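Undergrad: Structure here, sequence nowhere to be found:
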């Protein structure tokens, strides 16, 4: 009866951590064969055969730099207005090109007419003057076209920012990928009072937990209607997002802290109100260690000390190890001091 109660105690402890199908069934099979070693407190030692049967999986920690993060609000922008802007800029630029060519052509004709008139080669004064006037009109048109192109670009910068205006100047197909849904344009609004420049690469947190990486285009001259903080434009692979949708964004800011690792979310176990992770110290040897929760990103918790790059942490089967660790040692009195036969 004591053995039965000890088993029930272990299962009860393990139950809050079980999230996978058939976990209880697997636990019932394996608890009879798992054996804690002679190592340090919190260390579990598994035989190779048991390790293979348990389905425990580990991954190596990767060296990384960490930047403080803040949460922004990402809004998917309709690209139609930008496509129209690209068309306007293309038209203005083509008008300048045509005006410059007209200036060259009329100037050459005026010079030819003047030469013929001076040499009396069947050109009247009226024709010579008309050619000179046409050349002057072409120059005036060129000046007007250049001013119109500059005004159109200035309006684009004032409305959309220099980054998007530069993209729009690439031509009519500048926003084709956005119009076709292959890419998404996002405006990221940061909290009011933010002065630090956001990172080049950020993560957009989509519905359902998916992460959409996005890259900086440039600052926006517009403020978000709700957040009212500084706003930046980012570009991302389409990802099935739709114009007008709003998502949370994890935005790194400030200076990166060197020399740390990120503990994956899948590796973290919460026990007694604290976060823990199992580190594989040797083949089949697992040691439970606490982690800090002072800094994190979308992938996990950043640890500046205490963990080395390359160390392997358990990302599957940690619940099983915790249950085995908490199992009373052989011969221990059952919880509550019962003395059943």
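TA: On my side now, so go ahead. This one's a predicted model, so the numbers in the text were calculated from it and none came from an experiment.
Undergrad: Please count neighbours and contacts with C-alpha atoms only from this point.
TA: Fine.
Undergrad: Mind listing what's buried along stretch 98-115?
TA: Residues of stretch 98-115 classed as buried: 98-100, 102-103, 106-107, 109-110, 113-114 (neighbour count, 16 or more other CA atoms under 10 Å).
Undergrad: Go through those residues and name the one nearest residue 147.
TA: Residue 147 lies nearest to residue 99 out of those, by CA to CA, at 11.9 Å.
Undergrad: residue contacts, the closest one?
TA: Taking CA atoms under 8 Å, 6 or more residues apart in numbering as the criterion, residue 99 is in contact with 138-139, 141-142, 145.
Undergrad: Can you flag which of those belong to helices?
TA: The helices, defined by DSSP state H, take in 138-139, 141-142, 145 from the contacts of residue 99.
Undergrad: Which parts of the stretch 101-250 of the chain are strands?
TA: 183-189, 201-205, 211-219, 231-237, 246-252 (DSSP state E, counting those that start in this stretch).
Undergrad: returning to what we had before: can I get the contacts of residue 99 in TSV including distance to residue 46, neighbour count and pLDDT?
TA: Listed next are the contacts of residue 99 as TSV, based on distance: CA to CA, whole Å; neighbours: other CA atoms under 10 Å; pLDDT from 0 to 100:
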residue	distance to residue 46	neighbour count	pLDDT
138	88	22	90
139	87	19	92
141	85	19	93
142	83	21	93
145	79	21	93
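Undergrad: Turn these into a markdown table, columns for distance to residue 246.
TA: As requested, the contacts of residue 99 are arranged in a markdown table below (distance: CA to CA, whole Å):
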| residue | distance to residue 246 |
| --- | --- |
| 138 | 50 |
| 139 | 50 |
| 141 | 46 |
| 142 | 45 |
| 145 | 40 |
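Undergrad: need the contact list for residue 267.
TA: Under the criterion of CA under 8 Å, 6+ apart, the contact partners of residue 267 comprise 277-278, 313-316, 318.
Undergrad: Check the residues you listed and tell me the two furthest apart.
TA: Applying CA to CA across the contacts of residue 267, the maximum distance is between 277 and 316, 11.0 Å.
Undergrad: Is residue 106 in contact with residue 138, as I believe?
TA: Yes. Applying CA atoms under 8 Å as the test, residue 106 and residue 138 come out as touching, 7.0 Å apart.
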